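Q: fold the following and give me the result.
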Amino acid sequence: MAEPFRKNDRWYLRYKDAHGRWRQQPSEAATKTEARRLAVELQRREERIRLGIEEAPPEDGGGTVDALLEWWIDAYLSKSPGYGRAVGTIRKHLLGSKLGRLRLVELTPGKIEAFLQEKVDVCAPQTLNHLRGYLSRAFNAARKTERFRGPNPVTEVKKRKVPKAVPDFLRADEVPPVLAALSDRWRSLFATALYTGLRKGELIGLRKADVDLQNRLLTVSHSYRRDTTKGGHADVIPIATELLPYLADAIDRSPSDLVFPAPDGSMTSDGVQLELVLRRALHRAGIVESWLHKCRRRGCRHVEPAKDDQLRRCPRCQMKLWPSGQVRPIRFHHLRHTTASLLLMAGADVSAVQRILRHSDPRLTTETYGHLVPDYLRSQIDRLSFGLVPWIDSPPASNESQPVATISAPFAPILLPEPENPGKGPSPGDLETESFRGLELGRGERIRTSDILLPKQTRYQAAPRPVAATSYTPRATRPRRRAAKPGPSAQRRGKQNPSRMGPSVRHYGHGQVPLVLDLRGRFLGESRGVCGGELYGRARGL
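A: This next block holds a predicted model:
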């Protein structure tokens with residue numbers, strides 16, 4: 001094995017192939033050490049091929065990914081029921097892309113993952129899983145036919161997680177107005193979809209021979225022009241009594257052997273947009289979510305949303321605005337969800353609904369529509385009972401109706417303003433007046449006041465411990481002084497932590513009355529010559 005060499009900012013590997021000829025191959029190595037390691041691995045693989053342990057790849061590298069996908073579309077996908085939708089997605093995202101131009105031997109799981117990650121902003125997670133599935137199926141088919149002998153590189157690429165949404169459906173009170181708003185051509189088809197849950201292709205491919213009105217049985221065995229359904233088997237389901245006149249009318253109107261043909265008797269195209277027919281019927285029935293009022297004057301383009309269709313005028317040109325109802329984005333397949341949902345909400349058995357919808361697994365019916373079953377999991381969640389009395393049914397009580405808490409020990413949590421007579425404290429009768437009632441515990445918010453001992457306004461909160469008696473001087477009795485510029489020492493004192501500054505007894509002049517109150521605001525006495533602790537002990541009977 002020769003040493004790798006660098007050319008045009010790339011490292012080239014030199015090795016001997018299985019036939020003994022020297023070859024050189026460009027690599028993605030960033031250093032010479034990495035290039036040397038890749039060359040050793042390449043030389044070992046050629047040695048295994050020479051000894052017959054490993055099979056040699058084709059000379060052209062197995063072709064490109066584009067060639068593989070074209071072969072798989074012609075050989076396999078063209079005979080699949082979903083050919084029309086799948087081939088459009090493949091030609092839009094895979095064929096002609098950077099991934100499609102790679103040779104099969106150059107395709108790795110990392111390159112596939114990087115390609116899918118670049119499509120995150122363009123494609124939904126389900127579409128990314130479809131692209132991954134198309135590549136995987138093409139490689140599996142090539143390996144079965146020995147077109148490609150290497151491993152499938154897609155198996156190591158993980159699927160994207162698809163969010164699962166609750167399916168939309170028509171409510172029971174919406175079905176009659178929607179059927180009444182449909183034209184005669186579509187009314188019988190939509191009624192059959194609602195009463196049977198048939199898919200779009202099964203309705204278009206329904207034959208007259210599949211309908212037995214006498215025995216009220218309907219055989220589902222076709223989908224479009226195919227002689228099989230999505231599940232790959234034929235099923236017989238019952239016909240509801242209310243559906244009989246719709247089917248009889250459709251059979252009488254049909255000029256061919258199809259129940260719901262085109263006007264000329266041929267099969268209806270699979271590209272017909274039945275969801276637009278359904279949304280127009282919802283609009284005519286008045287089942288809208290909101291309204292858009294649009295100005296139809298050329299060049300104006302004014303649009304304003306509203307909750308009603310009342311007359312409005314354009315603020316620019318004063319012309320009448322055209323109200324356009326906005327229906328929810330429901331699809332034709334949601335009629336199948338409507339059949340299952342309304343049956344389960346009416347109390348039908350889950351297994352019976354599964355047979356009517358022809359699901360292959362009953363768990364699919366339960367996981368999709370189980371939340372609509374009456375009392376679904378409700379009886380189980382009600383096992384959580386703590387004996388609590390519901391309080392949300394009664395109106396919330398006001399502050400005036402709140403009971404006053406009963407406190408066994410007195411406290412001194414608040415300060416009362418100085419009475420008019422500064423020589424005497426407030427009497428117990430004064431505490432019953434309207435100005436003092438709001439100070440009781442549980443009767444409104446805490447008192448917010450300006451304490452002379454604190455640097456700013458503070459909300460006092462009761463604490464379960466006795467507090468020393470504190471003085472309060474009314475604002476009106478304080479002597480006014482001109483504010484002087486504080487000196488350096490005062491500035492240093494002003495930077496103290498306010499949380500460490502507790503109440504204390506200070507004498508600032510005339511009108512100072514030390515008071516002691518309990519938590520309910522009841523007057524205990526004045527602390528003239530008596531410390532707060534002694535007065536607290538007297539109130540406690542100590």
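Q: going by C-alpha atoms from here, please, whenever you check contacts or count neighbours.
A: Will do.
Q: not counting residues beside it along the chain, what's closest to residue 267?
A: Ranked by CA to CA, 6 or more residues apart in numbering and with sequence neighbours excluded, the top spatial neighbour of residue 267 is residue 261, at 5.0 Å.
Q: can you check residue 63 too?
A: residue 103 (5.5 Å).
Q: partner residues bridging that neighbour?
A: Applying DSSP bridges to residue 103 gives these bridge partners: residue 64.
Q: neighbours around it, how many?
A: Residue crowding around residue 103 was assessed by other CA atoms under 10 Å; the count is 17.
Q: tell me the contacts of the residue nearest to residue 267?
A: 204, 254, 267-268 (CA atoms under 8 Å, 6 or more residues apart in numbering).
Q: tell me the secondary structure for it?
A: In terms of secondary structure, residue 261 is coil; the call rests on DSSP: H, G, I helix; E, B strand; the rest coil.
Q: could you dump the helix or strand harbouring residue 69 to CSV, C-alpha only?
A: Taking DSSP states H and E as the criterion, residue 69 maps to helix 65-75. As requested, C-alpha coordinates have been extracted for helix 65-75 and formatted as CSV (Å, rounded to 0.1, in the frame of the first residue of the first chain):
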residue,chain,number,x,y,z
VAL,A,65,-30.0,6.4,-6.7
ASP,A,66,-32.0,8.0,-9.5
ALA,A,67,-31.6,4.9,-11.7
LEU,A,68,-32.6,2.6,-8.8
LEU,A,69,-35.8,4.6,-8.1
GLU,A,70,-36.8,4.7,-11.8
TRP,A,71,-36.4,0.9,-12.0
TRP,A,72,-38.4,0.4,-8.8
ILE,A,73,-41.2,2.7,-9.9
ASP,A,74,-41.6,0.8,-13.2
ALA,A,75,-41.3,-2.6,-11.7
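Q: pLDDT averaged over it - what is it?
A: Predicted confidence along helix 65-75 averages 92 (mean pLDDT).
Q: can you pull the pLDDT of the closest residue to residue 230 other than its chain neighbours?
A: Here the nearest residue to residue 230 in space, its sequence neighbours aside, is residue 223; by CA to CA, 6+ apart that works out to 7.4 Å. With respect to pLDDT, residue 223 has a value of 87.
Q: okay, the contacts of residue 261 in JSON lines with distance to residue 15 and secondary structure next?
A: Converted to JSON lines, the contacts of residue 261 look like this (distance: CA to CA, whole Å; DSSP: H, G, I helix; E, B strand; the rest coil):
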{"residue": "204", "distance to residue 15": "63", "secondary structure": "helix"}
{"residue": "254", "distance to residue 15": "74", "secondary structure": "coil"}
{"residue": "267", "distance to residue 15": "63", "secondary structure": "coil"}
{"residue": "268", "distance to residue 15": "63", "secondary structure": "coil"}
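Q: among the residues you listed, who's most crowded?
A: Top of these by neighbour number is residue 204, holding 23 neighbours under the definition other CA under 10 Å.
Q: and that one, what does it touch?
A: Contacts were defined as CA under 8 Å, 6+ apart; by that measure residue 204 touches 223-224, 258-261, 267-268, 270.
Q: go on, residue 27?
A: Residue 27 sits in contact with 10-13, 35, where contact means CA under 8 Å, 6+ apart.
Q: buried ones in the lengthiest strand in the chain?
A: Once the chain is assigned using DSSP state E, the strand that runs over the most residues is strand 10-16. Burial within strand 10-16, assessed by neighbour count using 16 or more other CA atoms under 10 Å, is assigned to 11-16.
Q: turn those into CSV, columns for pLDDT.
A: Listed next are the buried residues of strand 10-16 as CSV, based on pLDDT from 0 to 100:
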residue, pLDDT
11, 89
12, 89
13, 88
14, 86
15, 82
16, 82
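Q: measure residue 203 to residue 328 for me?
A: Applying CA to CA, to the nearest Å, one obtains 24 Å for the distance of residue 203 from residue 328.
Q: the residue nearest to residue 230 touches residue 207, doesn't it?
A: No - the criterion here is CA atoms under 8 Å, and residue 223 misses it with residue 207 at 10.3 Å.
Q: quickly list the domain ranges of this protein.
A: Recorded structural domains for the chain (assignment: automatic domain parsing) are 5-51, 65-156, 164-285+328-388, 290-326, 408-477+502-542.
Q: mean pLDDT lowest for which of those?
A: Looking over the domains of the chain, mean pLDDT reaches its minimum on domain 408-477+502-542, with a mean of 46.
Q: do a quick rundown of the strands in the stretch 51-200 of the chain.
A: Secondary structure of the stretch 51-200 of the chain by DSSP state E, counting those that start in this stretch: no strands are present.
Q: again, but for the stretch 251-400 of the chain
A: Counting by DSSP E, counting those that start in this stretch, the strands of the stretch 251-400 of the chain are 290-294, 303-306, 322-326.
Q: nearest to residue 378, out of the ones you listed?
A: strand 290-294 (33.2 Å; CA to CA).
Q: show me what the closest one is packed against.
A: Using 3 or more CA pairs under 8 Å, 6 or more residues apart in numbering; DSSP states H and E as the contact definition, the elements that strand 290-294 packs against are strand 303-306, strand 322-326.
Q: give the buried residues for it.
A: For strand 290-294, a neighbour-count test (16+ other CA under 10 Å) marks 290-294 as buried.
Q: compute the inter-axis angle for it and strand 322-326.
A: Here strand 290-294 runs at an angle of 150 degrees relative to strand 322-326 (axes from the mean of the first three to the mean of the last three CA atoms, to 10 degrees).
Q: put the alpha carbons of strand 290-294 into CSV.
A: Taking C-alpha atoms only, strand 290-294 is exported to CSV below (Å, rounded to 0.1, in the frame of the first residue of the first chain):
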residue,chain,number,x,y,z
SER,A,290,-65.7,33.2,11.6
TRP,A,291,-66.2,35.7,8.8
LEU,A,292,-63.8,37.7,6.6
HIS,A,293,-65.2,41.0,5.2
LYS,A,294,-63.4,41.7,1.9
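Q: find the nearest non-adjacent residue to residue 256, please.
A: residue 265 (5.3 Å).
Q: can you check residue 306 too?
A: In this structure, residue 306 finds its nearest non-sequential neighbour in residue 291, 5.2 Å apart by CA to CA, 6+ apart.
Q: I figured the one you found hits residue 324, correct?
A: Yes - distance between residue 291 and residue 324: 5.5 Å, which falls inside the contact criterion (CA under 8 Å).
Q: which residues are contacting stretch 141-156?
A: When contacts are taken as CA under 8 Å, 6+ apart, the neighbours of stretch 141-156 outside the stretch itself are 57, 62, 68, 72, 105, 107-109, 112, 132, 135-136, 139-140.
Q: in this structure residue 10 contacts residue 31, no?
A: No - distance between residue 10 and residue 31: 9.4 Å, which falls outside the contact criterion (CA under 8 Å).
Q: quick check: residue 216 vs residue 238, distance?
A: Distance, residue 216 to residue 238, using CA to CA: 6 Å.
Q: over to residue 21?
A: Using CA to CA, which is the criterion applied here, residue 21 is 74 Å from residue 238.
Q: which one of those two is surrounded by more residues?
A: Neighbour comparison, residue 21 and residue 238: the larger count goes to residue 238, with 15 against 8 (by other CA under 10 Å).
Q: got the contact list for the more buried one?
A: Shown here is residue 238, whose contacts under the criterion CA under 8 Å, 6+ apart are 216-218.
Q: show me the beta-bridge partners of it.
A: residue 217.
Q: residue 337 versus that one, what's the distance?
A: Following CA to CA, the distance that separates residue 238 from residue 337 is 18 Å.
Q: ok, and what's touching the helix holding residue 69?
A: Around helix 65-75, the neighbours that count as contacts under CA under 8 Å, 6+ apart are 87, 94-96, 99-104, 135, 138-139, 141-142.
Q: quick one on the thing from earlier: neighbours of the residue nearest to residue 230, just the number please.
A: What residue 223 shows, counting by other CA under 10 Å, is a neighbour count of 20.
Q: contact partners for it?
A: Contact partners of residue 223, counting by CA under 8 Å, 6+ apart, are 201-206, 229-230.
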